[in-house]
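Asks: Task: produce atomic coordinates for the following.
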Amino acid sequence: MNPSGSRIRKGAAHGAAALAALTLFAPHAVAAPGAADEVVVTGERPGPALWRVTRGDHTLWLLGVLDPLPRHMTWRSATADAIVADAEIVLPESTSVSVDAGPFAMIGLYFDWRKVRRLPDGQTLRDIVPAGLYARFEAQRQRYAPAEDLERYRPIVAAGELYRHAIKAAGLRGAEDVEQSVLRTARRHHVEVRDFRVKVDSPKAVLHELAAIPLAAELACLEYAVRRLEADVPAMQQRARAWAVGDVEELRRTQVELPQTTCWDVIELSPRLHALGERSRAERASALEAALREHRSAVALVPIDRLLAPDGLLHGFRAEGYAVEEP
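Replies: As a prediction, this is how the structure comes out:
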């Protein structure tokens, strides 16, 4: 391990201590029994066309990324490939995390991370979760992850574990392959990639702050995740299909909020992670404006709901006087 820092792409390594400080509870797909009707979308799919933001002879192309997507789908868009190949810069959607720690410090962080994920003093979820919520959680666990023992995880961790299994069982997966395809095209054509990074200066302190998150906040995350799985898995599947075939109107009509949103708000109760998040969001917003201002052609990957929201990213560009062309 390099003492000067460890860089890992957010979401790329669920079990890595270097990433634990920032993605301790982030949900990603893992293997699970097929306990739900799967979304069936196979083969190569183009996804939605790109949004175009212009001022003068400068253009920013926006690729709206959805997570989760159909598991057996391969994203391939000749139009997007051509736009990326012609661009001067590409802005990915993901963020890299760096932690300053030597090899022995990293070992200590790993064990701290393992500890903070679990309930203290031998407690179980049944002991601390209200009976009604626990029954709902257990029903979803039996449906999506019957072989998994989640009892000793903290509520917010259990929510992430359950969500991971649920999207896998529903025939869905994360959207990392879309970004990787864009980045491969950029590298092949020697297009600059603007890397986004956040540095965790005090990872041990961050873990201590996460361990101190109030139980009520964690229970709110667990309840929200359970409620979304009870009601919105078919909508997630429907949106995944719509994204695969580029049906923007269907995506606009069926917007749903995923468990990550509320649960990440809980994680940002850590003052250090909140400050990192604020800094990262400000840096990304500045980079989007700079890409459009300084480059003839730029491409950015953005969560599609940020584009579709009435007060979202496109609204901001229009308010600043940029022209926006929708797919």
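Asks: where does the stretch 201-327 of the chain dip in pLDDT?
Replies: Scanning the stretch 201-327 of the chain for pLDDT under 70 picks out the ranges 256-261.
Asks: go with 50
Replies: Applying pLDDT under 50 to the stretch 201-327 of the chain picks out no residues at all.
Asks: quick one, what contacts residue 80?
Replies: Going by CB atoms under 8 Å, 6 or more residues apart in numbering, residue 80 touches 46, 47, 50, 63, 182, 185. Using the backbone N, CA and C atoms, a C-beta is placed for each residue, glycine as well.
Asks: mind redoing it with 7 Å?
Replies: 50, 63 (CB atoms under 7 Å, 6 or more residues apart in numbering).
Asks: Equivalent analysis for residue 74, please.
Replies: Per CB under 7 Å, 6+ apart, neighbours of residue 74: 43, 44.
Asks: Validate this expectation: it resides in a strand.
Replies: Yes - applying DSSP: H, G, I helix; E, B strand; the rest coil, one finds residue 74 inside a strand.
Asks: Residue 177 and residue 131, how far apart?
Replies: 41 Å (CB to CB, to the nearest Å).
Asks: Name the residue in the two with the higher neighbour count.
Replies: residue 177 (13 against 8; other CB atoms under 10 Å).
Asks: Which helix or strand contains the more buried one?
Replies: Here residue 177, judged by DSSP states H and E, is contained in helix 176-188.
Asks: list the buried ones in that helix?
Replies: Neighbour counts over helix 176-188 (16 or more other CB atoms under 10 Å) mark 176, 178, 179, 181, 182, 183, 185, 186 as buried.
Asks: for these, which one is nearest residue 300?
Replies: residue 182 (10.0 Å; CB to CB).
Asks: what sits against the closest one?
Replies: For residue 182, counting by CB under 7 Å, 6+ apart, the contacting residues are 63, 84, 90, 301.
Asks: So which of those is the closest to residue 120?
Replies: Checking the contacts of residue 182 one by one against residue 120 (CB to CB), the nearest turns out to be residue 301, at 39.4 Å.
Asks: Strands of the chain, start to end?
Replies: 6-9, 43-45, 51-55, 58-65, 69-70, 73-75, 89-91, 96-99, 172-173, 192-193, 197-200, 297-303, 323-325 (DSSP state E).
Asks: Just put these in JSON lines and tack on distance to residue 135.
Replies: Listed next are the strands of the chain as JSON lines, based on distance: least, CB to CB, whole Å:
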{"stretch": "strand 6-9", "distance to residue 135": "37"}
{"stretch": "strand 43-45", "distance to residue 135": "39"}
{"stretch": "strand 51-55", "distance to residue 135": "44"}
{"stretch": "strand 58-65", "distance to residue 135": "35"}
{"stretch": "strand 69-70", "distance to residue 135": "31"}
{"stretch": "strand 73-75", "distance to residue 135": "35"}
{"stretch": "strand 89-91", "distance to residue 135": "45"}
{"stretch": "strand 96-99", "distance to residue 135": "37"}
{"stretch": "strand 172-173", "distance to residue 135": "25"}
{"stretch": "strand 192-193", "distance to residue 135": "48"}
{"stretch": "strand 197-200", "distance to residue 135": "38"}
{"stretch": "strand 297-303", "distance to residue 135": "33"}
{"stretch": "strand 323-325", "distance to residue 135": "47"}
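Asks: just those: most buried one?
Replies: Using mean count of other CB atoms under 10 Å, the stretch among the strands of the chain with the largest mean neighbour count is strand 69-70, at a mean of 26.
Asks: Just the endpoints, please. Distance across stretch 145-159?
Replies: Distance between the boundary residues of stretch 145-159 (CA to CA, to the nearest Å) amounts to 12 Å.
Asks: distance of residue 326 from residue 52?
Replies: Distance from residue 326 to residue 52, by CB to CB: 8 Å.
Asks: which of the buried residues of helix 176-188 lies closest to residue 208?
Replies: For the buried residues of helix 176-188, the nearest to residue 208 is residue 176 (29.9 Å; CB to CB).
Asks: Give me the pLDDT for that closest one.
Replies: Residue 176 is assigned 90 on the pLDDT scale.
Asks: For the longest helix belonging to the chain, buried residues please.
Replies: If you go by DSSP state H, the chain has its longest helix at helix 271-294. Residues 272, 273, 276, 277, 280, 284, 287, 288, 291, 292 are the ones in helix 271-294 that count as buried (16+ other CB under 10 Å).
Asks: which one of those sits closest to residue 265?
Replies: Once CB to CB is applied, the member of the buried residues of helix 271-294 that ends up nearest residue 265 is residue 277, at 9.8 Å.
Asks: For the nearest residue in space to the closest one that is not next to it in sequence, give its distance to residue 220.
Replies: With sequence-adjacent residues excluded and distances taken as CB to CB, 6 or more residues apart in numbering, residue 277 is closest to residue 268, at 5.5 Å. Distance from residue 268 to residue 220, counting by CB to CB: 13 Å.
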